[in-house]
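Asker: just to be clear, the model below is a prediction. Sequence and coordinates:
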Amino acid sequence: MEVGFLGLGIMGKAMAVNLLHHGFGVTVWNRTLSKCQELVEQGASVGETPAAVINKCKYTIAMLSDPSAALSVVFDKDGVLEQICSGKGYIDMSTVDAETSSKISEAITKKGGYFLEAPVSGSKKPAEDGQLVILAAGEKALYDKMVPAFDVLGKKSFFLGEVGNGAKFKLVVNMIMGSVMNALSEGLCLADRSGLSQQTLLDVLDLGAIANPMFKLKGPAMIKGSYPPAFPLKHQQKDMRLALALGDENAVSMPIAAASNEAFKKARSLGLGDLDFSAVFEVKHDARHFSKDQNPRIASYAAFALYFFLCSKASKPAAVANTRFLLLELVLAMGPRLHKGSQLMSFSSFEVSLLLG
Ligand SMILES: NC(=O)C1=CN([C@@H]2O[C@H](COP(=O)(O)OP(=O)(O)OC[C@H]3O[C@@H](n4cnc5c(N)ncnc54)[C@H](OP(=O)(O)O)[C@@H]3O)[C@@H](O)[C@H]2O)C=CC1
Ligand SMILES: O=CC(=O)O
């Protein structure tokens with residue numbers, strides 16, 4: 001079976017690789033075309049545009065970041081709509097809202113094509129291992145055709161009826177997941193501030209009624225302040241936003257999800273959007289955020305501090321103050337690496353500057 005694949009991010013790349021390894025012919029496209037190279041090395045062909053992929057393949061899967069990406073790939077110039085026609089199927093596995101999915105479905109079916117939405121539950125590792133849970137809805141005949149591919153990508157697929165049901169299901173699941181991640185973060189913080197061991201808390205949770213793979217996988221990394229992106233925080237916040245909109249439409253009060261969304265928004269505003277969604281923990285324990293993203297910042301503070309130090313050697317009084325300030329910023333930025341959770345981190349650099357006169 002020859003399939004097209006649009007979108008080679010964390011999920012799309014792993015899924016396309018799985019299809020290749022299971023004997024599917026795969027033609028890939030990604031907005032940043034250079035990302036196709038790794039797939040080509042494993043046997044994939046490249047389409048220069050989404051339209052070119054649709055032209056070549058009877059069935060094309062998309063795995064894109066959000067509603068605006070999903071719409072753009074279909075409706076923009078060189079997009080899916082230009083080549084979709086009778087007998088061709090388009091399967092969108094991105095997490096989007098039901099309205100986006102319906103818009104795409106209408107446009108595709110108007111041109112004679114078949115449409116299936118099929119968002120997935122499961123993250124980077126399940127995608128690599130072919131262990132996703134597929135929440136499909138739309139054209140049943142297309143679902144039946146895609147079952148061999150779904151069997152490679154996932155451990156279970158559901159057919160949920162009309163377009164929109166898959167999208168809504170996925171949002172409900174991720175609304176719960178995001179809220180639970182916030183609860184875990186608050187629990188870890190509360191344990192720490194109460195003088196309890198965070199690792200022991202994880203051990204206790206793992207033995208009880210709320211044990212789950214997410215706590216087991218993410219918990220130990222969170223304690224270490226390590227958030228390599230499997231499910232990027234910006235996508236989790238998108239899902240909370242879309243789930244809350246679904247709640248608005250249906251007059252469902254969701255205070256826990258709303259509070260969790262605020263925490264994810266705060267984390268995004270701190271520049272943590274590209275880290276794993278477990279980085280919302282950083283918001284909870286109110287430490288200065290730190291990550292690999294901090295490295296350029298730390299390096300620039302160090303460079304400026306050195307520069308001003310050299311200027312001060314040349315007797316420029318303003319440079320002396322700047323040197324002291326930048327060294328202070330450097331210490332604060334480095335601090336959490338040296339002593340995570342240190343009380344020092346609850347002071348801003350401005351407050352410490354005042355203290356030091
Ligand atoms: N990561 C996870 O654990 C899971 C993610 N999901 C969902 O799957 C989808 C993909 O997630 P993931 O792979 O993690 O995301 P990534 O951010 O890693 O990848 C996003 C992909 O979308 C492409 N893209 C973004 N904007 C546009 C645009 N305007 N036009 C065309 N292409 C665009 C990116 O292209 P480029 O490379 O050029 O930036 C990239 O291929 C999301 O909807 C997410 O919510 C679902 C389950 C689990
Ligand atoms: O959407 C994310 C997931 O882990 O599922």
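Answerer: Sure, I can see it. Numbers count the residues shown, from 1 in each chain. Ligands and ions are numbered 1, 2, ... in the order given.

Asker: can you show me the strands along the protein?
Answerer: According to DSSP state E, the chain carries its strands in the segments 2-6, 25-29, 45-46, 59-62, 89-92, 114-117, 120-121, 132-138, 154-159.

Asker: just the pLDDT at the residue in the stretch 101-250 of the chain positioned nearest to ligand 2, thanks.
Answerer: The minimum distance from the stretch 101-250 of the chain to ligand 2, using CB to the nearest ligand atom, falls at Ser123 (3.8 Å). Bear in mind the C-beta positions are built from the backbone N, C-alpha and C, glycine included. pLDDT, Ser123: 94.

Asker: in contact with it, which residues?
Answerer: Contacts of Ser123 were listed using CB atoms under 8 Å, 6 or more residues apart in numbering, and they are 230-231.

Asker: if we use 10 Å, what do you get?
Answerer: When contacts are counted by CB atoms under 10 Å, 6 or more residues apart in numbering, Ser123 touches 10-11, 14, 131-132, 177, 213-214, 217-218, 229-231, 276-277.

Asker: circling back: right, and the strands of the chain - which one's nearest ligand 1?
Answerer: strand 120-121 (5.1 Å).

Asker: is the closest one in proximity to ligand 1?
Answerer: Yes - using CB under 6 Å from any ligand atom, we find that strand 120-121 touches ligand 1 at Val120.

Asker: so what strands line up beside that strand?
Answerer: strand 132-138 (antiparallel) (DSSP bridges).

Asker: okay, the angle between the partner strand and strand 154-159?
Answerer: 20 degrees (axes from the mean of the first three to the mean of the last three CA atoms, to 10 degrees).

Asker: and the strands of the chain, which is most packed in?
Answerer: Mean neighbours per residue, mean count of other CB atoms under 10 Å, is largest over these for strand 89-92, with a mean of 29.

Asker: list the helices and strands that strand packs on?
Answerer: Packed against strand 89-92 by the contact rule (3 or more CB pairs under 10 Å, 6 or more residues apart in numbering; DSSP states H and E) you find strand 2-6, helix 50-56, strand 59-62, helix 67-75, helix 98-110, strand 114-117, strand 132-138, helix 140-153.

Asker: helices or strands up against the second one?
Answerer: When contacts are defined as 3+ CB pairs under 10 Å, 6+ apart, helix 50-56 sits against strand 2-6, strand 25-29, strand 45-46, strand 59-62, helix 67-75, strand 89-92.

Asker: cutoff 6 Å now
Answerer: With contacts taken as 3 or more CB pairs under 6 Å, 6 or more residues apart in numbering; DSSP states H and E, helix 50-56 sits against strand 25-29.

Asker: name the nearest residue to Ser253, sequence neighbours excluded.
Answerer: Spatial nearest neighbour of Ser253, chain neighbours left out: Gly247 (7.5 Å); criterion: CB to CB, 6 or more residues apart in numbering.

Asker: one more: Phe277?
Answerer: Gln236 (3.8 Å).

Asker: for the one you found, report the pLDDT, please.
Answerer: Among the per-residue scores, Gln236 holds a pLDDT of 98.

Asker: wait, what's in contact with it?
Answerer: By CB atoms under 6 Å, 6 or more residues apart in numbering, the contact list for Gln236 reads 178, 264, 277.

Asker: and this protein, which residues reach ligand 1?
Answerer: With the criterion set to CB under 6 Å from any ligand atom, the chain comes near ligand 1 through 7-12, 30-32, 35, 63-66, 69, 72-73, 94-95, 120, 123-124, 230-232, 235.

Asker: write the ChimeraX selection for whichever of these are buried.
Answerer: Written as a ChimeraX command, the selection of buried residues from the residues of the chain next to ligand 1, which uses 16 or more other CB atoms under 10 Å, is:
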select :7,8,9,10,11,12,30,35,63,64,65,66,69,73,94,95,120,123,124,230,231,232,235
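
Asker: tell me where the model's unsure across this structure.
Answerer: The chain contains residues with pLDDT under 70 at 286-301, 303-305, 308, 311, 315-357.

Asker: make it 50
Answerer: Along the chain, the model assigns pLDDT under 50 to residues 287-293, 335-355, 357.

Asker: mind naming the longest helix for it?
Answerer: Ordering each helix of the chain by length in residues (DSSP state H) puts helix 165-193 first.

Asker: format the helices and strands packed on strand 89-92 as JSON lines; extra columns: distance to Gly87.
Answerer: Listed next are the helices and strands packed on strand 89-92 as JSON lines, based on distance: least, CB to CB, whole Å:
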{"stretch": "strand 2-6", "distance to Gly87": "14"}
{"stretch": "helix 50-56", "distance to Gly87": "12"}
{"stretch": "strand 59-62", "distance to Gly87": "10"}
{"stretch": "helix 67-75", "distance to Gly87": "18"}
{"stretch": "helix 98-110", "distance to Gly87": "12"}
{"stretch": "strand 114-117", "distance to Gly87": "8"}
{"stretch": "strand 132-138", "distance to Gly87": "16"}
{"stretch": "helix 140-153", "distance to Gly87": "11"}
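
Asker: no more questions from me, cheers.
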